[in-house]
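Here you go, sequence then predicted model.
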Amino acid sequence: MKQVVSILLVVALGVFVFLALYTGDHSPLQFTPYGEADLSTRVSQRFVDKTVTLGMGEAETAPDAQAEADAPAFEAMPALVVYGETRDAETGSANMVTSIVVNYRSFDTLGEVTVLFIAAFGVGLLLSGKRKRQQPAYEPSFILKHGARIVFGIMVVFGVYVFIHGHLTPGGGFPGGSIIAAAILLLYIADNEFQAKVKTFKILEGVAGSLYVIAGLLGLVIGGYFLQNFLPTGVVGDLVSAGVIPIVYILIGLKVGSELTGVIAGFATEEEAE
Amino acid sequence: MSMMELLQLAMGVVMVVLGIVAINSKKKITSVIMLSAISMLAVVLFVVMRAPDVAITEAVIGSGLVTVLFVFTLFSKKKEGEDV
């Protein structure tokens, strides 16, 4: 009976979503198709018209009369950002999501990091005390034991790559840190005796978190806003091109990685019998 | 409806079915694997919908870390003699 009700509910929800997405007329259910929404009624027009390439010369050169006649909308259009050529864009980050997450809304990210810290703190508090390694119900095989050590290095390098290249490619501090924590979880699975040095990770976590706040305060002193991007930006697409963004993402990656490692270490150990 | 939208719809239906299987399976380990499969399909959907940043996070956390933690916990329950 419960299953029938749940299936009916899911089907009803599916029909609702389907109708909302795919039926023709202008009903209140319907979403506006992509590109046809009237943005001026929803967000401030200033943000729609804003160009991130101001100050690099291209946008400031006024189009001559001929071009203006050809394309009346030219003035409203920002200068094109060309990968590998554009210099000194506002954030310098090639990845749009990153430029929002660690530049425009960096204070949100600081809050997010704090949420994760409080969660890890709670787990650490619950699973504190003298702890020893929990013995799993299986014996790791030869291949698991030795393959894990090879894969571990590759995973750590990949995690570091993901958070260092957070401003160029998809990814960033949070996935990169999680990949590093997953690598350490692999070591826990592959070796019944393995125990991470949790204390070192906790120091690393505290230092990275403090440095993030210090970077924000430096922005406040130099640029006038908390977490302002105070370093110069370079050519879009270069590794060192986004000012303070890669530094902040490296700090977030180290912090998330060490926090999740602490949580995993808590799960993989058990309280020592008195 | 284009080919891509049909694909997305089909994937959504498969995800719902996998969720129902996860609820109804007798063994807990099957539920965990089904949840992992749902996460994997969600990753594909996120990539199709052009959200690669969300996709990489979902792949790492949803179908990686959380699944392994569940399996880890189930194995230590098994040691205590519970049927998983």
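Happy to help now that I have it.

For the rest of this, base every contact and every neighbour count on C-alpha atoms.
Fine.

any idea how far B:Phe46 is from chain A?
Look at B:Phe46 and chain A: by Cα to the nearest Cα, to the nearest Å, they are 12 Å apart.

For that residue, grab the count of nearby residues.
B:Phe46 has 18 neighbouring residues, counting by other Cα atoms under 10 Å in any protein chain shown.

pLDDT wise, what is it at?
Listed pLDDT for B:Phe46 reads 91.

isn't it right up against B:Thr57?
No - counting by Cα atoms under 8 Å, B:Phe46 stays clear of B:Thr57, with 10.4 Å between them.

Which positions in chain B make contact with chain A?
Contact residues, chain B versus chain A (Cα under 8 Å from any Cα of the partner chain): B:16, B:52-53, B:56-57, B:60-61, B:64-65, B:69, B:72-73, B:75-76, B:78-79.

switch the cut-off to 10 Å
B:1, B:9, B:12-13, B:16-17, B:20, B:23-24, B:51-61, B:64-66, B:68-69, B:72-80 (Cα under 10 Å from any Cα of the partner chain).

Just the buried ones from those residues?
B:12, B:16, B:20, B:23, B:52-61, B:64-66, B:68-69, B:72, B:74-76 (16 or more other Cα atoms under 10 Å in any protein chain shown).

Which helix or strand in chain A has the lowest average pLDDT?
Ranked by mean pLDDT, DSSP states H and E, the helix or strand of chain A with the weakest confidence is helix A:65-70, at a mean of 45.

Outside of the helix or strand bottoming out on mean pLDDT in chain B itself, list whatever touches it.
Least confident helix or strand, chain B: helix B:66-79 with a mean of 81, by mean pLDDT, DSSP H and E. The contact list for helix B:66-79 (Cα atoms under 10 Å, 6 or more residues apart in numbering or on different chains) reads A:134-138, A:182, A:185-186, A:188-189, A:264, A:267-268, B:28-29, B:32-37, B:39, B:60-62, B:82-84.

can you pull the buried residues of stretch A:122-142?
Buried-residue list, stretch A:122-142, by 16+ other Cα under 10 Å: A:Val123, A:Gly124, A:Leu127, A:Arg133, A:Gln135, A:Pro136.

I'd say the second one and A:Ala265 touch.
In this case it means A:Gly124. Yes - the pair formed by A:Gly124 and A:Ala265 meets the contact definition of Cα atoms under 10 Å, at 9.3 Å.

got any residues that touch both of those two?
In contact with both A:Gly124 and A:Ala265: A:Glu259, using Cα under 10 Å, 6+ apart.

CA atoms only for the least confident helix or strand of chain B - export them in PDB, please.
Backbone C-alpha positions of helix B:66-79 (Å, rounded to 0.1, in the frame of the first residue of the first chain) are rendered in PDB as follows:
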ATOM      1  CA  VAL B  66      29.500   8.600   0.900                       C
ATOM      2  CA  THR B  67      29.100   5.100  -0.700                       C
ATOM      3  CA  VAL B  68      32.500   4.000   0.600                       C
ATOM      4  CA  LEU B  69      31.600   5.300   4.100                       C
ATOM      5  CA  PHE B  70      28.300   3.300   4.000                       C
ATOM      6  CA  VAL B  71      30.000   0.200   2.900                       C
ATOM      7  CA  PHE B  72      32.700   0.600   5.500                       C
ATOM      8  CA  THR B  73      30.000   0.900   8.200                       C
ATOM      9  CA  LEU B  74      28.100  -2.100   6.900                       C
ATOM     10  CA  PHE B  75      31.200  -4.200   7.000                       C
ATOM     11  CA  SER B  76      31.800  -3.300  10.600                       C
ATOM     12  CA  LYS B  77      28.200  -4.100  11.400                       C
ATOM     13  CA  LYS B  78      28.700  -7.500   9.700                       C
ATOM     14  CA  LYS B  79      31.500  -8.200  12.100                       C
END
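
those strands in chain A, which residues are they?
A:131-133, A:269-271 (DSSP state E).

could those go into JSON lines alongside mean pLDDT and distance to chain B?
Putting these into JSON lines (pLDDT from 0 to 100; distance: least, Cα to the nearest Cα, whole Å) gives the following:
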{"stretch": "strand A:131-133", "mean pLDDT": "81", "distance to chain B": "12"}
{"stretch": "strand A:269-271", "mean pLDDT": "80", "distance to chain B": "10"}
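
To A:Met1, which of these lies closest?
strand A:269-271 (40.8 Å; Cα to Cα).

what's in contact with that closest one?
Residues from elsewhere that reach strand A:269-271, judged by Cα under 10 Å, 6+ apart: A:Leu127, A:Ser128, A:Gly129, A:Lys130, A:Arg131, A:Lys132, A:Arg133, A:Gln134, A:Gln135, A:Tyr188, A:Gln195.

got the buried residues for that strand?
By neighbour count on 16+ other Cα under 10 Å, the buried set for strand A:269-271 is A:Thr269, A:Glu270.

where does that strand sit relative to the chain's centre, distance-wise?
Distance of strand A:269-271 from the chain centroid (Cα atoms, centre = their mean, to the nearest Å) equals 32 Å.

What strands line up against that strand, and which way round?
strand A:131-133 (antiparallel) (DSSP bridges).
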